[in-house]
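Participant: Please find the sequence and the predicted model below.
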Amino acid sequence: MRGFRFVSLLAAAAFAHDACGQDLTPRAAPQQRDVILENATLHPVALPPIEGGALWFRAGRIHAIQRGRIEVPAGAASEPERIDLRGRHVYPGLIGAVSQVGLIEIDQVRATVDTAETGSFTPEVRALVAVNPDSTVLPVTRSNGVLASGVFPLGGVVPGRASVIQLEGWTWEEMRVADDAGLVVNWPGVRPPPRFSWALDQRRVEDEEGRIRESLRNLDEAFDSAQAYLAARAADPRLPVDVRKEAYGPTLRGAKPLFVRAQEVEQIQSAVAFAVRRGFRLVLVGARDAGRCLDLLRRHEVAVILEGTHVMPPRRDADYDEIFRLPAALEAAGIRWCLASGEEFYNERNLPYQAATAVAFGLSKEAALRAVTLSAAELLGVADRLGSLEAGKDATLIVTNGDPLEYATRIEHAWIAGRKLDLRNKQTELARRYRERYRK
C-alpha cells in the first residue's frame with residue numbers, strides 16, 4: 001500500500017508538472033481587417049530606415065510600405081484600422097536561426113525532450129513534426145521580438161533535417177514556414193582530443209585516429225549509397241521507395257543546403273573539402289574557428305551561422321574577445337553569415353543581446369540587425385517570406401520603443417503573418433501577480 005501511495009504521488013506530481021508546462025495564453029486569430037501602421041520609423045532592413053513611414057498589411061501579408069500617409073483607394077470594401085505609432089519603431093520579427101525551441105520543455109524530464117532519434121544516421125527525421133505548439137517557451141521568446149526560428153535536430157552523425165517555424169499556431173502545421181530547410185550533419189572530430197596528445201599509451205591515440213577515419217568513411221558511404229539509390233530510382237521508378245535515402249535527395253540535387261555543425265579549424269577544413277568534392281551548398285553551424293580560415297570560406301562561398309557571442313574563448317591561447325570580434329571579421333571578409341543565440345532553448349529570447357555584443361566589438365548596427373533578420377532568413381531559405389519589411393512578405397513584425405538590440409527596449413506590439421499577438425506569458429503574469437500583492 002505504501003508503494004502504491006508513492007507511485008500515486010509521483011503520477012500526481014508529473015501531471016501537475018505537465019499542466020504547469022502548458023502555454024495557456026490566447027491564440028491569435030487570423031487577420032480579418034486591413035491594418036495601417038502610421039507615423040512610425042520603419043526599418044525595412046533591405047533598405048535604409050524610413051522616417052514618418054506607413055505600412056499597410058492585409059490577409060497576413062505586407063501590402064504597401066512608404067514614407068508619409070497611405071491613402072486607401074476609393075471604393076475599398078472597408079476602411080483599414082489605422083494605428084498611430086508616433087515615436088515608435090517597426091522592425092521585421094527577429095529570427096533565431098538555430099535553436100531547439102519547441103523541441104524541449106523541461107530538459108531534466110526525458111519525456112519532454114524530443115531533439116533526437118535513435119541511431120547515427122536518421123536523415124528522414126524532420127524537426128518540425130516534433131515541435132510542441134503549447135510550449136511555455138514560445139510566448140516568452142516572442143515577447144522579446146523573436147517571432148521565427150530554425151529548429152535543428154541533435155544527436156548522431158546525420159540527425160535529420162532542419163525546419164523553420166513561426167512562434168504562433170495551434171498545431172505544428174500552422175507554425176510551419178519551411179518543412180525541410182536542409183540536411184543537418186554533425187561533423188565528426190578529425191583529431192584525437194587534447195587529452196590524447198600527451199598520453200603515454202600510443203595505442204589509445206591510434207585507436208582514436210582509427211575511429212575518426214571510420215566515422216568519415218561511414219559518412220561518405222551514406223551519401224554514396226543514397227546517390228546510387230536515387231540514380232537507380234530515376235532509371236527504374238518501379239524500385240521500392242527507401243524513405244531514408246530519399247531524404248538525401250534535395251541536398252544531393254543542390255536544391256537544399258547542407259548544414260554542418262563544425263567548430264574547430266580541422267573540422268571546418270574537412271567539411272569544406274567534403275562539400276566541394278560533392279558540389280554541395282555548405283552552411284557551417286557553430287564555426288567558432290571560422291576566423292582562422294576566412295580565405296577558405298570566401299574562396300568556396302561557404303556560409304556561416306555563428307552560435308552566439310556570449311561564449312568562452314575557443315582555446316587557452318585565444319584572445320578574450322576572439323568570439324566577440326568574429327562577426328565583424330566575417331562581415332569584413334564578405335562571407336555570408338548570420339547569428340544564432342547559442343543559448344539554451346529557454347533563453348532564445350536573448351538573441352538580440354548576442355548581436356549587441358558584436359556591435360560593441362566592431363560590427364555595425366545595420367549588419368547586426370541584418371544578422372538576426374534578413375541574413376538568417378536567407379540562410380534558412382525563407383527570405384521570400386521573412387526577414388525584412390517588403391511588399392508581398394509575411395506581416396511578421398514588431399513595434400518597439402527603441403532599438404531592439406538594446407536591453408531597455410520594450411516590444412509593444414507584434415504580429416505573426418498578420419495575427420496580432422498577446423505578448424503576455426508566464427513570466428509577465430507572475431510579475432503582475434506579485435506586484436499586485438505588494439501593492440495591496
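Facilitator: Structure received. Computed from a prediction, not measured in an experiment: that's the story for all the values here.
Participant: what are the ranges of the helices in the stretch 201-350 of the chain?
Facilitator: 202-235, 243-246, 249-252, 265-278, 294-299, 322-333 (DSSP state H, counting those that start in this stretch).
Participant: quick one: which of those is nearest Gly145?
Facilitator: helix 322-333 (18.9 Å; Cβ to Cβ). For the C-beta atoms, the positions are set from N, CA and C on the backbone; glycine is no exception.
Participant: how far out from the middle of the chain is that closest one?
Facilitator: In terms of Cα atoms, centre = their mean, to the nearest Å, the centre of helix 322-333 is found 20 Å from the chain centre.
Participant: So which bits of that helix are buried?
Facilitator: Neighbour-count burial for helix 322-333, with 16 or more other Cβ atoms under 10 Å as criterion, is recorded at Glu322, Ile323, Phe324, Arg325, Leu326, Pro327, Ala328, Ala329, Leu330, Glu331.
Participant: what does stretch 284-298 give?
Facilitator: 284-294, 296-297.
Participant: try stretch 41-60
Facilitator: So for stretch 41-60, counting by 16+ other Cβ under 10 Å, buried means Thr41, Leu42, His43, Pro44, Val45, Ile50, Gly53, Ala54, Leu55, Trp56, Phe57, Arg58.
Participant: want to try JSON lines for these, with distance to Leu24 and pLDDT as columns?
Facilitator: Shown next, in JSON lines, are the buried residues of stretch 41-60 (distance: Cβ to Cβ, whole Å; pLDDT from 0 to 100):
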{"residue": "Thr41", "distance to Leu24": "35", "pLDDT": "98"}
{"residue": "Leu42", "distance to Leu24": "34", "pLDDT": "98"}
{"residue": "His43", "distance to Leu24": "33", "pLDDT": "98"}
{"residue": "Pro44", "distance to Leu24": "35", "pLDDT": "98"}
{"residue": "Val45", "distance to Leu24": "33", "pLDDT": "98"}
{"residue": "Ile50", "distance to Leu24": "38", "pLDDT": "98"}
{"residue": "Gly53", "distance to Leu24": "36", "pLDDT": "97"}
{"residue": "Ala54", "distance to Leu24": "35", "pLDDT": "97"}
{"residue": "Leu55", "distance to Leu24": "31", "pLDDT": "98"}
{"residue": "Trp56", "distance to Leu24": "33", "pLDDT": "97"}
{"residue": "Phe57", "distance to Leu24": "28", "pLDDT": "97"}
{"residue": "Arg58", "distance to Leu24": "30", "pLDDT": "95"}
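Participant: Out of those residues, which sit inside strands?
Facilitator: Within the buried residues of stretch 41-60, residues falling in strands by DSSP state E are Thr41, Leu42, Ile50, Gly53, Ala54, Leu55, Trp56, Phe57, Arg58.
Participant: list the contacts for the third one?
Facilitator: Contacts for Ile50 were tallied using Cβ atoms under 8 Å, 6 or more residues apart in numbering; they are Thr41, Leu42, Pro44, Ile65, Gln66, Arg67.
Participant: In space, what's closest to the second one - neighbours in sequence excluded?
Facilitator: Translated: Leu42. Gly53 (3.8 Å; Cβ to Cβ, 6 or more residues apart in numbering).
Participant: cool, the fifth one as well?
Facilitator: Distance criterion Cβ to Cβ, 6+ apart; nearest residue to Gln66, sequence neighbours excluded, is Ala54 at 6.1 Å.
Participant: Touching, that neighbour and Val72? I think so.
Facilitator: No: look at Ala54 against Val72 with Cβ atoms under 8 Å: they stay out of range, at 11.1 Å.
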